[in-house]
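1. Sequence and predicted structure, then a few things I'm wondering about:
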Amino acid sequence: MNLAEQGERASEPPLRRARLQFHGPRIALALGLAVFTYLLFPASPAVDFPVYEVGSVASDNVIAPFAFSVPKTESELTKERDAAAATVEPVFDYVPAALDSTRRQFATLTQAIDAAATDPRNPVLAIQQASAAQGITLTAPEAAYLAQVRKRSALFSAVQRVFERWLVSGVASRGSLDNVRGDLILRIGKDERRVSSDSVQTFSMLVSRARLIHPDPTSVVGDGIYSRLLGALFHPTIIPDGAATELRRDDIRRSVPTAKYEVRVGEKIIGANEVVGREEHDKLRALHDAVDQRRATERAARRVIGAIMFNALIISLLGLTVLIFRPAVYRNLRWLLMFALATMVVLVGATIIGHARPVHPELIPVTIAAVVLSALFDQRISMIAVMVIATLIGGQSVFRGTNALFINLVGGAVAAFSVRVVTRRNQTYLWIFAVAAAYLTTAIAIGLTLDLPGHDIFISAGYGALNAVVSVLLALLLLPVAESFTGIETDLTLLEWSDLNRPLMQRLSLEAPGTYAHTIAIANLAEAAARAIGANALLARVGAYYHDIGKIARPQYFVENQAKGRNPHDKLKPGTSAQIIRNHVREGLEMAEEHKLPRALRAFITEHHGTGSIAYFLEKAKERDATAPDPGDYTYPGPLPQTAETAVVMLADGVEAATRVLGDPTPAKIRDVVGHIVKQRIEQGQLREAPLTLKQIDIVKEEFVRVLSGMYHNRIDYPTSSGGVTSEFASV
């Protein structure tokens, strides 16, 4: 074995460890998401018996492998129990003791009034006092009426006849039978008999019959006493037994079967190519639950492992896609976490929807993930992520046999493609409309295929429209949090920072007006060039706004802010001047931190000079000092531009400053200057880490020449006599 082979073998273990350290956390993230999915959907996703929706066509025969029951829903069971309880006849008891109480009270009252009527002093008052002692209040005329022996005897005899004649056979109180229809159970001692409620006398009927034997019906006073005595002495002999009635109702409630259907072993539930009805759907659902319950107790560990593997295999498809087509995303663990978090949000929503009956897959919020991922990354990777999420959810047991996969594939893909560059708030309406239209289309397609009624299609489309509105609005609420988590700024954030009225821009315009003008010019150059090469033009413009904010700390030390003939560097050593110039990068970062500038914009502060040298003061130092100065003291800290946008701003910064020194900036001279600056940056190696091709650099140069030529175009001299200004203008 030669030394080269030994070296290769020695390097293999560290390389493997490095790969494991790199891929390990990402594999763990995928497994964690698979476990999370299993916890939300513990039923095995790979079921043998799918649950077909009502109206769908079964693809295979489904035969019951064992006997099972189809339970009624809670609402169905409650409704049937209440209906059964309503059929129970109410129980009434015959109470002979009530008649005895009436007899005793009547005898006591008559004896007291008879004795009071013989009072020689004032029989009327004595009768009033005697009746009051028995709980009956009489007026003076009524007491005088009873003081007459003949009338009193006739009245008492009639009352006694009423009670003895009708109360003995059973009389219920007024209102006790108002809610009773049909028959009732009358218990007399230990015997029970069913009687019609219409045949049971009530107190109202007793009073009506009592009038037939009224002793003095023409007397108003006598009629009042007669009615009052009947009411005061009446005790119902038939009374309702609520406890017994409710006990019988409870018994019949318990007797209602909890199963809607009983399925036998080998019974065909649904045949191939048959349309699934409500009964077949309920049986399939019950079979699905019974299978899950059996598997929960049989080989539980294997079932759990299999379910997690099922989920992990689907999730790994997204990981492999990102690894192959978006390696930059795969390298950033925080970005991968964003994909996982978006998936988890959708899974939680799907879990909530899955517990509803019936299941409405149109409400699964897959649009949230589509909008967030498209806004942060790009439409293609968002669409792939949505497809994986839809497959993951559609494969779960609760959604098998439904159209969840098809509905969410279409809705999610349309949402992913509809979200492009987010620059205006009214784009939200377009997203909502596009997603709602996608759900409407799926509802119509499914409805026509399954021959569903128009009402069902309308409801499905309505749920989809509701999902579109809620999901898009929630996605917009979550987007700022997602931006902060990933460090990716959308165009909405960049537009907020493009406002020139922000405090940093206001300070720059007031404290360093020359730098401000330089910044605006660079922004115009960078935006045009970035747009021409397909880079983010808005990011380039906004990054240019903030690339020199560090100059606010010491604006007078930068040439664009100096009055003519006044240069504070003339009194400083070259090293000190270079340090001041160099420090505007550090001071810019401090200001960015203070004002919470987005990370994407901070890159322009550090990268717009790269690691270039502060050549002017380096040359002065070489001229002044005998010893050679340290080049590191006259070099910007870097890093080199890492993106096309920061590289374009670097080139624009150098080109704009160089063209300012031209006395006669003709297009030819501008082209030469632009070519010189760009060539210089390339030779210095400042663009070696930027993702720019030579063709793109040529396009950038052409855009610089075009914009600068427009900025420095010649103007004609207007005659002084007309108030104009010429090239030889001098104030008088």
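-> Good, I have the coordinates. Numbers count the residues shown, from 1 in each chain.

2. Quick check on E53: phi, psi?
-> Listed backbone geometry of E53 is phi -70, psi 160, with angles given as degrees, to the nearest 10.

3. before we move on, what about the one 4 residues further on?
-> Dihedral angles phi and psi of V57 (degrees, to the nearest 10) take the values phi -110, psi 120.

4. contacting residues for it?
-> Contacts were defined as Cβ atoms under 8 Å, 6 or more residues apart in numbering; by that measure V57 touches 273-276, 450. All C-beta atoms are positioned from the backbone trio N, CA, C, and that covers glycine.

5. can you do 10 Å?
-> The neighbours of V57, taking Cβ atoms under 10 Å, 6 or more residues apart in numbering as the test, are 270, 272-276, 449-451.

6. Show the buried residues in these.
-> 270, 276, 450 (16 or more other Cβ atoms under 10 Å).

7. I'd like to know which of these are part of helices.
-> Members of these lying in helices (criterion: DSSP state H): L450.

8. Where do the strands of this structure begin and end?
-> Using DSSP state E, the strands of the chain run over residues 62-63, 68-71, 91-94, 171-172, 183-188, 191-196, 201-202, 238-240, 259-263, 268-270.

9. residues near D251, how many?
-> When neighbours are defined as other Cβ atoms under 10 Å, D251 has 12 of them.

10. Most distant residue from the centre of the protein?
-> Among the C-alpha atoms of the chain, the one most distant from their mean position (Cα atoms, centre = their mean) is that of P120, at 92.6 Å.

11. about what we covered before: deepest of the strands of the chain, which one?
-> Highest mean neighbour count among the strands of the chain (mean count of other Cβ atoms under 10 Å): strand 171-172, with a mean of 24.

12. from the middle of its chain, how far away would that one be?
-> Strand 171-172 has its C-alpha centroid displaced from the chain centroid by 62 Å (Cα atoms, centre = their mean, to the nearest Å).

13. pLDDT averaged over that strand, what's the number?
-> The predicted model assigns strand 171-172 a mean pLDDT of 92.

14. other SSEs contacting that strand?
-> strand 201-202, helix 203-210, strand 238-240 (3 or more Cβ pairs under 10 Å, 6 or more residues apart in numbering; DSSP states H and E).

15. check contacts around I315.
-> For I315, the contact set (Cβ under 10 Å, 6+ apart) comprises 29-34, 37, 339-340, 343, 388-389, 391-392.

16. which outside residues touch stretch 561-581?
-> Counting by Cβ under 10 Å, 6+ apart, stretch 561-581 makes contact with 511-518, 551, 553-559, 587, 609, 613-625, 629-630, 633-636, all of which sit outside it.

17. For the stretch 551-700 of the chain, which segments are assigned as helices?
-> Ranges of helices within the stretch 551-700 of the chain are 574-594, 599-607, 615-624, 644-659, 667-683, 694-711, based on DSSP state H, counting those that start in this stretch.

18. Tell me which of the ones you listed lies nearest to A356.
-> Closest of the helices of the stretch 551-700 of the chain to A356 is helix 599-607, at 41.6 Å (criterion: Cβ to Cβ).

19. rewinding a little: present the helices and strands packed on strand 171-172 as a markdown table; the columns should include mean pLDDT and distance to T643.
-> Formatted as a markdown table, the entries for the helices and strands packed on strand 171-172 read as follows, by pLDDT from 0 to 100; distance: least, Cβ to Cβ, whole Å:
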| stretch | mean pLDDT | distance to T643 |
| --- | --- | --- |
| strand 201-202 | 90 | 94 |
| helix 203-210 | 89 | 95 |
| strand 238-240 | 92 | 87 |
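
20. want to try a markdown table for the ones you listed, with distance to A375 as columns?
-> Rendered in a markdown table, the data for those read as follows (distance: least, Cβ to Cβ, whole Å):
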| stretch | distance to A375 |
| --- | --- |
| strand 201-202 | 76 |
| helix 203-210 | 77 |
| strand 238-240 | 70 |
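
21. so which of the ones you listed comes closest to W166?
-> Of those, the one closest to W166 (Cβ to Cβ) turns out to be helix 203-210, at 5.6 Å.

22. okay, that closest one in CSV with CA atoms only?
-> The C-alpha atoms that make up helix 203-210 are tabulated as CSV, following Å, rounded to 0.1, in the frame of the first residue of the first chain:
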residue,chain,number,x,y,z
PHE,A,203,-111.1,19.2,39.9
SER,A,204,-112.6,21.3,37.1
MET,A,205,-114.8,18.4,36.1
LEU,A,206,-115.7,17.9,39.8
VAL,A,207,-116.8,21.5,40.1
SER,A,208,-118.9,21.3,36.9
ARG,A,209,-120.7,18.2,38.2
ALA,A,210,-121.2,19.7,41.6
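
23. who's in contact with that helix?
-> 158-159, 161-163, 165-167, 171-176, 201-202, 226-227, 229-231, 234, 236.

24. how does it look with 7 Å?
-> Applying Cβ atoms under 7 Å, 6 or more residues apart in numbering, the contact partners of helix 203-210 are 162, 166, 171, 173-174, 227, 230, 234.

25. One more: stretch 618-635?
-> Counting by Cβ under 7 Å, 6+ apart, 574-575, 578, 611, 613-614, 617 sit against stretch 618-635.

26. Report the two of the residues you listed separated the most.
-> Across the contacts of stretch 618-635, the longest distance by Cβ to Cβ is 19.0 Å; it joins P574 and T611.

27. Which one's more surrounded, these two?
-> Relative neighbour count places P574 above the other of P574 and T611, with 22 against 15, counting by other Cβ under 10 Å.

28. What's the per-residue pLDDT of the nearest residue to that one once chain neighbours are set aside here?
-> Closest residue in space to P574, ignoring its immediate chain neighbours: A621 at 3.8 Å, by Cβ to Cβ, 6 or more residues apart in numbering. Turning to A621, the model gives it a pLDDT of 77.

29. Can you mark which positions in stretch 570-585 are buried?
-> The neighbour-count check on stretch 570-585 (16+ other Cβ under 10 Å) flags 574-575, 577-578, 580-585 as buried.

30. nope, stretch 509-527 is what I was after
-> Judged by neighbour count (16+ other Cβ under 10 Å), stretch 509-527 contains these buried residues: 509, 511-512, 514-516, 518-527.

31. got a pLDDT number for the nearest residue to N332 once chain neighbours are set aside?
-> Beyond its immediate neighbours in the sequence, the residue positioned closest to N332 (Cβ to Cβ, 6+ apart) is T486, lying 7.9 Å away. The pLDDT attached to T486 in the predicted structure is 90.

32. can I assume T486 is in contact with R334?
-> Yes - at 5.9 Å, T486 counts as touching R334 under the criterion of Cβ atoms under 7 Å.

33. Just say which of the helices of the stretch 551-700 of the chain is most tucked in.
-> Per-stretch averages of neighbours, counted by mean count of other Cβ under 10 Å, single out helix 644-659 among the helices of the stretch 551-700 of the chain, with a mean of 26.

34. So what touches it?
-> When contacts are taken as Cβ under 7 Å, 6+ apart, the neighbours of helix 644-659 outside the stretch itself are 518, 521-522, 525-526, 529-530, 533, 535-536, 539-540, 543-544, 547, 603-604, 607-608, 610, 641, 665, 670, 673-674, 677-678, 681, 686-687, 690-692, 700, 704, 708.

35. hmm, back to that, of all the helices and strands packed on strand 171-172, which one is nearest L376?
-> Comparing those against L376 with Cβ to Cβ, the closest turns out to be strand 238-240 (71.1 Å).

36. Nearest residue to G271 in space, ignoring adjacent ones along the chain?
-> Counting by Cβ to Cβ, 6+ apart, N61 is the residue found nearest to G271 once chain neighbours are left out, at 5.4 Å.

37. Please tell me the pLDDT value assigned to that neighbour.
-> N61 is assigned a pLDDT of 81 by the prediction.

38. Run through the residues that contact it.
-> Residues in contact with N61 (Cβ under 7 Å, 6+ apart) are 268, 271-272.
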